[in-house]
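Need coordinates for the below:
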Amino acid sequence: MKVQLLYFAWVREKTGLGAEELELPGELKSVADLIQWQKQRAPQYGEAFANEGAIRVALDQQHASNDSPLAGVKEIAFFPPVTGG
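Have a look, this model is predicted:
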């Protein structure tokens with residue numbers, strides 16, 4: 001499955017990328033699977049995804065949870081929680 005991955009704020013800083021297009025392994029079925037896979041890719045991804053609870057995800061521009069399925073998704077965005085003030 002080919003997807004566009006987008007990284008925002010400190011997730012972008014730690015990965016060193018704002019976006020990348022990848023062919024994801026077929027065994028990745030959920031957001032949680034993807035996060036675990038990201039942690040294994042390289043040290044900078046391990047650092048960026050070390051605190052899973054501090055990362056929010058959007059699938060095709062819709063907020064998603066860690067158990068959300070990846071099937072059919074074209075764009076996945078990772079970002080820290082947003083606070084208002």
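
On the C-terminal side of the lengthiest helix in the chain, identify the next helix or strand.
When the chain is parsed with DSSP state H, its longest helix is helix 31-41. Next along the chain after helix 31-41, taking DSSP states H and E as the criterion, comes helix 43-48.

Just say helix, strand or coil for residue 22.
With DSSP: H, G, I helix; E, B strand; the rest coil as the basis, residue 22 sits in strand.

give the contact list for residue 56.
Taking Cβ atoms under 8 Å, 6 or more residues apart in numbering as the criterion, residue 56 is in contact with 63, 78-82. Just so you know, the C-beta spots here come from the backbone N, C-alpha and C atoms, and that holds for glycine as well.

Turn these into JSON lines, columns for distance to residue 55, pLDDT and neighbour count.
Formatted as JSON lines, the contacts of residue 56 follow (distance: Cβ to Cβ, whole Å; pLDDT from 0 to 100; neighbours: other Cβ atoms under 10 Å):
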{"residue": "63", "distance to residue 55": "12", "pLDDT": "96", "neighbour count": "10"}
{"residue": "78", "distance to residue 55": "6", "pLDDT": "97", "neighbour count": "22"}
{"residue": "79", "distance to residue 55": "7", "pLDDT": "95", "neighbour count": "16"}
{"residue": "80", "distance to residue 55": "7", "pLDDT": "89", "neighbour count": "13"}
{"residue": "81", "distance to residue 55": "8", "pLDDT": "85", "neighbour count": "9"}
{"residue": "82", "distance to residue 55": "12", "pLDDT": "73", "neighbour count": "8"}
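
Return the member of the residues you listed nearest to residue 13.
Distance to residue 13, by Cβ to Cβ, is smallest for residue 80 among the contacts of residue 56, at 10.5 Å.

Now stretch 37-55: buried residues?
For stretch 37-55, burial by neighbour count (16 or more other Cβ atoms under 10 Å) applies to 38-39, 45, 48-49, 55.

in stretch 21-34, what counts as buried?
Here stretch 21-34 shows 24, 28, 30-34 as buried, counting by 16+ other Cβ under 10 Å.

can you put those in TSV and add pLDDT and distance to residue 68?
What follows is the buried residues of stretch 21-34, written out as TSV (pLDDT from 0 to 100; distance: Cβ to Cβ, whole Å):
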residue	pLDDT	distance to residue 68
24	96	14
28	97	12
30	98	6
31	98	5
32	97	9
33	98	11
34	97	10
